[in-house]
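**Student:** how does the following fold in three dimensions:
(one chain, ligands or ions: 2)
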Amino acid sequence: MPLIDIRHLTHRFADGTLALDDIDLAVEAGAFVLIAGANGSGKTTLLRHLNGLLRPTAGSVHIDGVPVTRDPQRARRRVGLVFQDVDTQIVGETVADDAAFGPENLGLPRPDIEARVTAALEAMDLAAAADMPPHLLSGGQKRRLAIAGVLAMDPAVIAFDEPFSNLDYPGVRSVLRRMIDLRAAGKTLIVTTHDLDKVAAHADRLLVLAHGRLVLDGPPGACMDDIERYGIRQPCSYRFGGRLESWLN
Ligand SMILES: Nc1ncnc2c1ncn2[C@@H]1O[C@H](COP(=O)(O)OP(=O)(O)OP(=O)(O)O)[C@@H](O)[C@H]1O
Ligand SMILES: [Mg+2]
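**Tutor:** Ligands and ions are numbered 1, 2, ... in the order given. Model prediction:
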């Protein structure tokens, strides 16, 4: 049974916009999946279905065989979503409180919460900022805090919506390094990005959305010759060297 099983998923917003159109998709546990596509192609809408933030207009999303609509709480524990707009995700009075919000909602004992928060802040290089009010952080630091908050919940699936936007070079490298570690630890990663340069070499599957439809699905290297027609730029290393290269090299 695939960890994520999406069948005929269609989403129409109240104003009539058809944001997802009959998506079929199965993701196995441990996969590292990229989702690319032009602005408005449906990437964020798709991620929001994984943990029950949206309900399908038609079709279904199953996590471990359980429909998300039947148990959205369970879906939220299994799938952590790092939002594209990090300001909407920040809720705590301090950086440490903010990272504790998710584990607190899981009802974990206080010492476990503290241990998870400490580890997550360290992993995202935010330990020194633990007592700061989050609104004083820079844009890139806020993004790292949003990731720390999801790490602290220890979900099986981590969905990152445009994780590299606003990050400087060391920030990109540390997020990428973290993704690789999470993957090695058995997590399933789903990452939307406009910037295949940064991450395509590490993923094992690339999905391309166009106008709410899934138009490409395969190993990143095998999709590269077709992506530009969907408004996605080929990574430089592919364009000029015919291969995908890691940013960590
Ligand atoms: N709350 C909403 N009400 C109506 N339409 C919406 C809503 N949210 C998104 N849409 C529309 O749904 C479509 C898909 O939007 P979505 O945010 O999923 O795209 P995206 O691929 O994530 O784009 P981007 O690359 O800009 O992040 C767009 O046409 C968008 O305008
Ligand atoms: Mg989006």
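**Student:** hey, let's count contacts and neighbours off CA atoms from now on
**Tutor:** OK.
**Student:** residues from this structure in reach of ligand 1?
**Tutor:** Contact residues, the chain versus ligand 1 (C-alpha under 6 Å from any ligand atom): 13, 15, 17, 19, 38-45.
**Student:** give me the buried subset of these.
**Tutor:** Applying 16 or more other C-alpha atoms under 10 Å to these, the neighbour count classes 19, 38, 41-45 as buried.
**Student:** what about the helices in the protein?
**Tutor:** Under the criterion DSSP state H, the chain contains helices at 43-50, 72-78, 95-105, 110-123, 139-151, 169-184, 196-199, 220-223, 236-241.
**Student:** can you tell me which of these is packed in deepest?
**Tutor:** The highest mean neighbour count among the helices of the chain, using mean count of other C-alpha atoms under 10 Å, belongs to helix 139-151: a mean of 25.
**Student:** from the rest of the structure, what touches it?
**Tutor:** 80-83, 86-87, 89-90, 95, 98-102, 117, 120-121, 123-126, 134, 158, 163, 165-168, 171, 175 (C-alpha atoms under 8 Å, 6 or more residues apart in numbering).
**Student:** roughly how far is it from the heart of the chain?
**Tutor:** 12 Å (C-alpha atoms, centre = their mean, to the nearest Å).
**Student:** okay, and the beta partners of the spatially most central residue of the chain?
**Tutor:** Geometric centre of the chain, nearest residue: residue 160, 1.7 Å, by C-alpha atoms, centre = their mean. Assessed by DSSP bridges, residue 160 has beta-bridge partners residue 82, residue 191.
**Student:** was I right about residue 159 contacting residue 81?
**Tutor:** Yes. Assessed by C-alpha atoms under 8 Å, residue 159 is found in contact with residue 81 at 4.8 Å.
**Student:** what sits in contact with each of these two?
**Tutor:** Common neighbours of residue 159 and residue 81, counting by C-alpha under 8 Å, 6+ apart, are residue 47.
**Student:** tell me which of the two has more neighbours.
**Tutor:** Legend: neighbour count by other C-alpha atoms under 10 Å for residue 159 and residue 81, higher for residue 159 (28 against 25).
**Student:** return the residues in contact with that one.
**Tutor:** By C-alpha under 8 Å, 6+ apart, the neighbours of residue 159 are 47, 79-82, 189-191.
**Student:** output these in CSV; the columns should cover distance to residue 69 and pLDDT.
**Tutor:** Formatted as CSV, the contacts of residue 159 follow (distance: C-alpha to C-alpha, whole Å; pLDDT from 0 to 100):
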residue, distance to residue 69, pLDDT
47, 14, 98
79, 14, 97
80, 16, 95
81, 17, 95
82, 20, 94
189, 22, 98
190, 20, 98
191, 23, 98
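**Student:** tell me the one of those residues nearest residue 111?
**Tutor:** Closest approach between the contacts of residue 159 and residue 111, by C-alpha to C-alpha: residue 80, at 21.5 Å.
**Student:** distance of the closest residue in space to that closest one that isn't next to it in sequence relative to ligand 1?
**Tutor:** Of all residues not flanking residue 80 in the chain, residue 158 sits nearest, at 4.8 Å (C-alpha to C-alpha, 6 or more residues apart in numbering). Per C-alpha to the nearest ligand atom, to the nearest Å, residue 158 is found 16 Å from ligand 1.
**Student:** next: residue 219.
**Tutor:** Counting by C-alpha to the nearest ligand atom - residue 219 and ligand 1 are separated by 20 Å.
**Student:** phi first, then psi, for that residue.
**Tutor:** phi -60, psi 140 (degrees, to the nearest 10).
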